[in-house]
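Undergrad: This is a predicted model, with the sequence first.
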Amino acid sequence: MTAAEPLGAPAPVAVLDSITKLRPANRGAAVVAGSHGGVYCGWLAAECGVRVVVLNDAGVGLDDAGIACLAPLDRIGMAAATVDCFSARIGDGQDMVRRGRISHVNAMAAALGCAAGEDLASCLGLLRQARMPIGSLSAIAESRLVLTECIGANVRVVGLDSVSLIEEQDRRCIVVTGSHGGLLGGLWASAVRQPCLAAVFNDAGGGADGAGYSRLPALDAMGIAGLTVAHTSARIGDARSTWATGVVSAVNDRARRTGACPGMTLQSAVDCIAARTYFS
């Protein structure tokens, strides 16, 4: 790896509820974002050209997916860290700055003196001294795909690696996402942008204040069945994994009335929702 070039002044700090909110003005910043620490979120940080990124570890989860960005960012010389999901709410950048406790760091962040167990607020001063990364990561495209067709109920099950990919065509679908189940900044309006039949998220370990489940009551208010799968059962950020191996960890009232319940495989829970739709 080529040595990263130093910058003279400490990096400015940008605090976001989602890494998808990065803008060109954030280039060179030390970014704290409420998103999970998966590979796609790391790629977005690299693509924008930020200097440092801190994300939520989402309980780490299956195959360490919640911290999977750390190693590839090391390879391009970007300091990166995650905060413990139980120390601050996922989806809430300001809460991460206020209460976040570092859970994992890559080598670039460790070299600056940042270590697991420390408060993020204390570490930010060190992280702001990071050098700009050199190089780029291979492009990663989040995917959308049809997972299955529930023929009798005429319901399509769509997989989206991120709920941000939802479109108007998904309005009557069951949407299986790789996203975390936390509201962005606690805002109910961030639960989902389209009135789909049902929406599935990763519980991101539940975490502080049960943030990983916080979309569920908001979805109830919208008349949408909402479910989360256990972070240990499926890779966060990966809709295919959610569908293939996800085990339901929580449901909202609307989903519960269809017969879906915690402990079911996601595919069995989806069958319940589709059947209820068919007989409604």
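TA: All right, it came through fine.
Undergrad: Strands of the stretch 1-150 of the chain, residue ranges please.
TA: 13-16, 30-36, 52-56, 79-83, 102-105, 144-150 (DSSP state E, counting those that start in this stretch).
Undergrad: any idea which of those is most buried?
TA: With neighbours taken as mean count of other C-beta atoms under 10 Å, the strands of the stretch 1-150 of the chain reach their highest mean count in strand 52-56, at a mean of 32. C-beta: built from backbone N, CA, C; applies to glycine.
Undergrad: How far away from the center of its chain is that strand?
TA: 12 Å (C-alpha atoms, centre = their mean, to the nearest Å).
Undergrad: same deal with stretch 11-31?
TA: Relative to the centre of its chain, stretch 11-31 is centred 16 Å away, using C-alpha atoms, centre = their mean.
Undergrad: got a list of contacts for it?
TA: Applying C-beta atoms under 8 Å, 6 or more residues apart in numbering, the contact partners of stretch 11-31 are 7, 32-35, 41, 44-45, 48-55, 91-94, 96-97, 124, 127-130, 132, 162, 164, 184-185, 190.
Undergrad: same thing with stretch 157-167?
TA: With C-beta under 8 Å, 6+ apart, stretch 157-167 has contacts from 18, 20, 40, 142-150, 170, 173-179, 192-194, 196, 199, 201, 237-240, 242-243, 270, 274.
Undergrad: What about the residues you listed, which are in helices?
TA: In helices, judged by DSSP state H, the following of the contacts of stretch 157-167 are found: 40, 239-240, 242-243, 270, 274.
Undergrad: re earlier: for ChimeraX, write a command that selects the buried ones of the contacts of stretch 11-31.
TA: The following ChimeraX line selects those of those that are buried, judged by 16 or more other C-beta atoms under 10 Å:
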select :32,33,34,35,41,44,45,48,49,50,51,52,53,54,55,91,92,93,94,96,97,124,127,128,129,130,132,162,184,185,190
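Undergrad: Could you pull out the buried residues of stretch 230-246?
TA: 230-231, 233-246.
Undergrad: ok, now how distant is Pro24 from Ile76?
TA: Per C-beta to C-beta, to the nearest Å, Pro24 is found 19 Å from Ile76.
Undergrad: Among the two, which residue is more densely surrounded?
TA: Using other C-beta atoms under 10 Å, the more surrounded residue of Pro24 and Ile76 is Ile76, with 18 against 7.
Undergrad: could the strands of the stretch 1-150 of the chain go into TSV alongside distance to Arg215 and mean pLDDT?
TA: Putting the strands of the stretch 1-150 of the chain into TSV (distance: least, C-beta to C-beta, whole Å; pLDDT from 0 to 100) gives the following:
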stretch	distance to Arg215	mean pLDDT
strand 13-16	18	98
strand 30-36	13	98
strand 52-56	15	98
strand 79-83	20	98
strand 102-105	23	98
strand 144-150	19	88
